[in-house]
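Peer 1: whatever this is, show me its structure:
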Amino acid sequence: MSAADAPFIRRHARDEKDPLGFWGLRAQGIANAQALSAEHWTDYNLHDPGVTILEQVCYALTGLVYRADFPVADHLAQADGRINFKAHALYPADIAFPCRPTTADDYRRFLLDRIDGLADAIVEASTKAAPGVWRVALRMASEHEGHAHAAVRQATDLLRSHRNIGEDFAHEVSLVEDRWCRLAGEIEIGGAREPSDILAEVYLQCEQQIAAWGRFEPMDALLGDDASLEEIFSGPPVHRGRLTRPARDDDRIFISDLMAGLRSIEGVREVKRLTLAVEGEDGLPREAIERRGPGWALRLRVPAERNHASELRLFRRGTVVEPAADAVHMKYEDLLAGTRSLQAEAGATAFIGPRPTGMHREPGPYRPVQEQFPAVYAINHFGLEPGASSEDRAQVWQLKAYLALFDQVMAHSAAQLSHLRELFTVDGTTQTYWWQMIDNSIVENIEHRLYNAPPEHVEQKVYRPGDDYMERKGRLLDYLLSLHGENYAQNTLRQFSSGYTPAELEARLFENKASVLRDIVAFSRDRSAGFDDSQPAWDRVGHEGGLQRRVGLLLGFAQTHMRSLTDAFKPRAEHALARSKLQRVVMRPDGLQRVSLEGARAHTREEAAQAAEAMPSLESMQAHLALMRCGSHADHYWIEPIGAGSCRLFAGPDEHGGFWDLGVHRNAASAARVARKVRNTLLGMNEHGEGLFIVEHILLRPAGSSAAHRHLQQRDDIPEDALEQRVTAVFPDWTVRCREENFKHLAAETVRLNAPAHLRTDCIWLGFDQMEQFEKCWRKWLNERREWCTAHDSDAVRVRMNHAACDVLRILFGSGTP
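Peer 2: Numbering: from 1, shown residues only. Below is the predicted model of the structure:
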């Protein structure tokens with residue numbers, strides 16, 4: 001065999017256009033080397049050792065490029081190949097895109113999707129109540145009329161749990177009254193199809209048009225129409241598929257539309273005449289007829305017995321055909337059941353399919369670039385021959401140490417790639433950089449030659465200080481937020497420290513941003529949600545309204561649910577501030593020295609008990625609040641030496657320039673520990689006192705006749721629109737931030753910008769005693785409202801709820817204590 005015929009491996013063509021390919025990296029490296037060393041290195045050739053080193057490093061870099069180019073799913077996959085989407089704030093289309101029911105049509109589609117046996121739902125604005133009240137009536141399918149009361153209860157629960165802010169539903173969901181109508185006319189048929197089948201389909205199609213049935217279509221059918229996921233999942237979330245509206249869905253039925261639809265039925269040759277008459281009316285022929293009215297809707301009567309024969313006459317070649325009424329009705333029921341079955345099978349989840357998975361790739365140990373060199377370089381695992389001179393060994397270690405610079409950079413990069421899943425997780429990490437030190441496990445016997453300290457110490461002292469976790473992770477959270485269309489810079493919140501040090505404030509802002517991201521779907525989708533007034537809401541996390549949760553998070557509140565804001569300030573035995581008398585010194589004591597709280601270790605249990613005995617308590621709640629605002633600041637603690645090493649601890653100055661005597665302590669270190677304990681307690685009390693309540697005025701309207709409301713509305717300080725579409729945000733005015741006027745302006749602007757545009761928004765700031773009274777009244781109203789939602793026409797519950805609503809209104813409009 002000639003040399004020309006010998007098999008060989010074809011060399012890939014050079015592709016220097018790919019900047020991350022081998023040839024692109026090599027070309028860029030040589031260009032950089034020429035630009036940097038042109039004055040000193042002129043003897044350039046392809047076999048220069050420098051070029052060889054460059055090529056080996058470029059080859060190693062392509063391995064990192066290859067790993068970085070793995071599919072995103074592979075980078076995020078766990079050991080079993082599954083992806084924890086929630087941990088990365090990633091959500092599938094069926095969760096991320098749907099919105100809350102908002103319009104009357106949304107509520108109709110929502111109820112039809114969730115309630116079995118429901119033929120239609122009428123949702124319209126109530127004409128007998130305040131704006132914002134919906135009236136809902138259900139129409140059951142004929143075969144499910146026995147389940148009507150269960151459907152009413154289910155609809156009531158669904159509507160209250162999906163109520164929007166500033167809206168309400170009439171106390172009772174009603175059932176639509178059927179107003180029967182009859183078809184009459186003459187139809188010419190042909191073909192081999194049975195007349196009973198044709199007539200049954202005629203009645204079914206007319207019933208569908210009269211009732212304006214929608215149709216559930218599978219989601220995958222919509223995808224086949226080239227619709228985007230955003231378009232497919234617009235509107236409220238669905239379980240059965242997408243409900244499409246009929247061609248005409250106004251309040252009138254046109255006879256011409258019915259005739260046009262019948263012509264499409266197999267076996268119908270001609271519709272000679274067709275009329276639709278409502279039972280009990282004059283029966284005169286009309287071109288159009290009302291489909292529905294207040295509390296009623298048309299329903300087509302289908303002949304079921306021989307003595308109720310059809311008024312539709314069928315003709316075949318001029319001869320009258322009279323199918324049996326019971327046979328027509330049986331065929332009609334079969335067609336109806338088939339239609340319902342198809343609707344039930346049209347699902348949303350079948351289209352979505354399984355969630356994406358990835359291939360988990362174990363990174364394995366880092367393989368140094370030195371191992372890629374030919375053995376003649378003597379720097380890989382083969383090394384030098386046993387008899388090599390000390391000069392040769394020194395030169396080899398010089399080259400190995402030089403190459404270790406490249407290996408170290410690439411080892412760090414490889415470590416970062418292997419931790420991308422942790423990097424893009426909202427919680428669970430305390431670092432954003434990962435490192436892999438070049439140690440003896442990677443390059444044999446290199447540690448004592450390369451480092452003057454153990455590699456783990458070098459990592460701890462050199463690399464870890466460069467990981468600004470809060471800043472870097474904060475930017476990553478910003479990126480994840482942007483995927484959901486949210487921007488949360490927090491610049492304004494940085495102006496209000498609440499007494500925290502800069503480092504503490506950054507940590508709190510970071511946790512606040514992470515809280516928004518953990519709740520991102522509800523934070524965005526449910527911003528206009530009202531709370532479920534038929535379920536317990538007090539002290540229930542996640543049971544507050546969407547606006548209250550969103551505003552609370554945007555203002556940096558640690559807790560946003562309905563709870564007592566005053567409870568933490570009431571005397572308790574476990575508080576360090578709960579016992580003897582606290583003294584406030586009006587003048588600044590002489591010789592005060594600032595106490596540094598940094599590095600002050602935490603109390604032991606025995607020291608905490610001693611501190612509690614040394615600590616005085618407060619004579620009044622106002623003193624308690626003044627000390628809290630003062631003592632929340634780390635630079636507001638002082639000691640006054642009083643001899644024999646002991647000292648007196650002070651906190652101050654407060655907003656009036658006074659100092660608070662926090663007792664005598666045996667030395668400065670003990671006083672610093674007590675100061676740290678006191679400050680932590682006061683910061684916790686301040687944090688607990690921050691919060692808000694969103695009051696929807698429409699929910700405070702009278703239920704039935706209310707003497708309490710009539711009496712209240714006679715007062716001059718109660719506006720005429722007190723019970724209309726407005727909301728009031730109730731804030732405390734005693735915490736560190738909430739006393740600042742600028743923060744009050746920020747809170748009012750945040751409420752206004754995030755509330756629905758049609759609602760009037762007001763903010764009130766209550767003192768401690770007023771807030772305590774409001775909480776009492778608000779909690780009582782919540783309980784009465786919940787009981788009223790589940791009660792059936794109980795006058796006693798209704799009267800109690802009306803009185804409780806008036807008590808809340810008096811506080812909102814400053815009419816004094818109920």
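Peer 1: CA only for contacts and neighbour counts going forward, please
Peer 2: Noted.
Peer 1: how about stretch 55-74, which residues are buried there?
Peer 2: For stretch 55-74, burial by neighbour count (16 or more other CA atoms under 10 Å) applies to 55-61, 64, 67-68, 73-74.
Peer 1: mind listing what's buried along the host helix or strand of Leu158?
Peer 2: Per DSSP states H and E: Leu158 is located in helix 148-161. Burial within helix 148-161, assessed by neighbour count using 16+ other CA under 10 Å, is assigned to 148, 151-152, 154-161.
Peer 1: next SSE downstream of that helix?
Peer 2: Using DSSP H and E, the first helix or strand after helix 148-161 is strand 168-169.
Peer 1: quick revisit: kindly indicate which of the buried residues of stretch 55-74 lies nearest Ala703.
Peer 2: Comparing these against Ala703 with CA to CA places Ala73 closest, at 54.7 Å.
Peer 1: check which helix or strand the closest one maps to.
Peer 2: Per DSSP H and E: helix 72-76 holds Ala73.
Peer 1: just the C-alpha atoms of that helix, please, in CSV.
Peer 2: Output of helix 72-76 as CSV, limited to C-alpha atoms (Å, rounded to 0.1, in the frame of the first residue of the first chain):
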residue,chain,number,x,y,z
VAL,A,72,-28.4,25.5,31.4
ALA,A,73,-30.4,22.6,32.6
ASP,A,74,-27.2,20.6,33.1
HIS,A,75,-25.6,23.3,35.2
LEU,A,76,-28.7,23.5,37.4
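Peer 1: name the helices or strands packed onto it?
Peer 2: In terms of contacts (3 or more CA pairs under 8 Å, 6 or more residues apart in numbering; DSSP states H and E), helix 72-76 is packed against helix 420-423.
Peer 1: helix or strand right after the helix it packs on?
Peer 2: helix 447-450.
Peer 1: who are the packing partners of that next one?
Peer 2: For helix 447-450, there is no helix or strand it packs on, judged by 3+ CA pairs under 8 Å, 6+ apart.
Peer 1: that helix: which residues count as buried?
Peer 2: Applying 16+ other CA under 10 Å to helix 447-450 flags 447, 450 as buried.
Peer 1: and the next helix or strand past it?
Peer 2: Next along from helix 447-450, by DSSP H and E: helix 455-458.
Peer 1: restricting to C-alpha, output that following helix in CSV.
Peer 2: The C-alpha coordinates for helix 455-458 follow below in CSV (Å, rounded to 0.1, in the frame of the first residue of the first chain):
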residue,chain,number,x,y,z
PRO,A,455,-3.2,26.4,50.9
GLU,A,456,-6.4,26.6,52.9
HIS,A,457,-4.9,29.5,54.8
VAL,A,458,-4.0,31.2,51.6
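Peer 1: can you pull the buried residues of that helix?
Peer 2: Within helix 455-458, the residues scored as buried using 16+ other CA under 10 Å are Pro455.
Peer 1: so what touches the helix or strand following that helix?
Peer 2: Next along the chain after helix 455-458, taking DSSP H and E as the criterion, comes helix 469-483. Helix 469-483 has contacts (CA atoms under 8 Å, 6 or more residues apart in numbering) with 89, 424, 426, 430-432, 487-489, 506-507, 510, 513-514, 517, 520.
Peer 1: swap the cut-off to 7 Å and go again
Peer 2: Here helix 469-483 makes contact (CA atoms under 7 Å, 6 or more residues apart in numbering) with 89, 430-432, 487, 510, 517.
Peer 1: ramachandran angles for the spatially closest residue to Phe382 that is not a sequence neighbour?
Peer 2: Spatial nearest neighbour of Phe382, excluding adjacent residues (CA to CA, 6 or more residues apart in numbering): Ala375 at 6.5 Å. Main-chain torsions, Ala375, degrees, to the nearest 10: phi -60, psi -20.
Peer 1: count the residues that sit near Ala375.
Peer 2: When neighbours are counted by other CA atoms under 10 Å, Ala375 registers 14.
Peer 1: and the residue nearest to Ala170 when sequence neighbours are not counted, what element?
Peer 2: Excluding its sequence neighbours, the residue lying closest to Ala170 (CA to CA, 6+ apart) is Arg135, at 5.4 Å. Element membership for Arg135 (DSSP H and E) is strand 133-140.
Peer 1: just to revisit the earlier point, just the contacts of helix 469-483 now: which is nearest Glu188?
Peer 2: Distance to Glu188, by CA to CA, is smallest for Ala89 among these, at 62.2 Å.
Peer 1: do you know the pLDDT at the closest one?
Peer 2: At Ala89, the pLDDT value in this model is 94.
Peer 1: quick check: the closest residue to Ala489 other than its chain neighbours vs Ala507, distance?
Peer 2: Excluding its sequence neighbours, the residue lying closest to Ala489 (CA to CA, 6+ apart) is Asp478, at 8.0 Å. When distance is defined by CA to CA, to the nearest Å, Asp478 is 15 Å away from Ala507.
Peer 1: let me see the contact set for Val176.
Peer 2: With CA under 7 Å, 6+ apart, Val176 has these contacts: 137-139, 295-297.
Peer 1: which of those scores worst on pLDDT?
Peer 2: Scoring the contacts of Val176 by pLDDT puts Gly295 last, at 81.
Peer 1: hmm, Asp178 and that residue touching each other?
Peer 2: No: applying CA atoms under 7 Å, one finds Gly295 not in contact with Asp178, separated by 8.9 Å.
Peer 1: tell me where the stretch 301-450 of the chain has helices.
Peer 2: 325-345, 349-352, 390-417, 420-423, 447-450 (DSSP state H, counting those that start in this stretch).
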